[in-house]
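Engineer: Sharing a sequence plus its predicted fold:
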Amino acid sequence: MDNQIRSSIRERIKALDIKGLQDIYYTLVEENREYRLPLEDIYQKAFFSACNNNFKEAIIWLFELYESMDPIRKTALRQMFFYGKTLIHDSNKNWYEISVLSKARLY
């Protein structure tokens, strides 16, 4: 099931489908099922995939989700934003630095 969820998320990101990505995420949260992988792991993989595909809209939305998380989750996930900079295309690194990393450093 986890691989199917990850695959669906990657497909939505590759298609630059923010609505589909949001639907998957909210379905996972609403169903509140116990998956083998924690929701944070699925979140992290989605964020890295968005960076790989230079999907700015998804990166912004995922960062907004991060901002609404509790402090423990924020602490656990914070370092992934710095790794995300290595994944994003060179032409978007400056945007990423301003839009994501400058805010992530505040947490």
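Structural biologist: Right, received. Where do you want to start?
Engineer: Next, work out how far apart the residue nearest the centre of the chain and residue 61 are.
Structural biologist: Residue closest to the mean C-alpha point of the chain, counted by C-alpha atoms, centre = their mean, is residue 47 at 2.6 Å. Separation of residue 47 from residue 61 (C-beta to C-beta, to the nearest Å) stands at 10 Å. C-beta: built from backbone N, CA, C; applies to glycine.
Engineer: before we move on, the earlier item: next one: the residue nearest to the centre of the chain, what pLDDT does it get?
Structural biologist: As predicted, residue 47 sits at a pLDDT of 97.
Engineer: same deal with residue 36?
Structural biologist: According to the model's per-residue confidence, residue 36 sits at a pLDDT of 61.
Engineer: my guess is the residue nearest to the centre of the chain meets residue 82, correct?
Structural biologist: No. Contact between residue 47 and residue 82 fails when scored by C-beta atoms under 8 Å: they sit 11.8 Å apart.
Engineer: Please consider this matter closed, and thank you.
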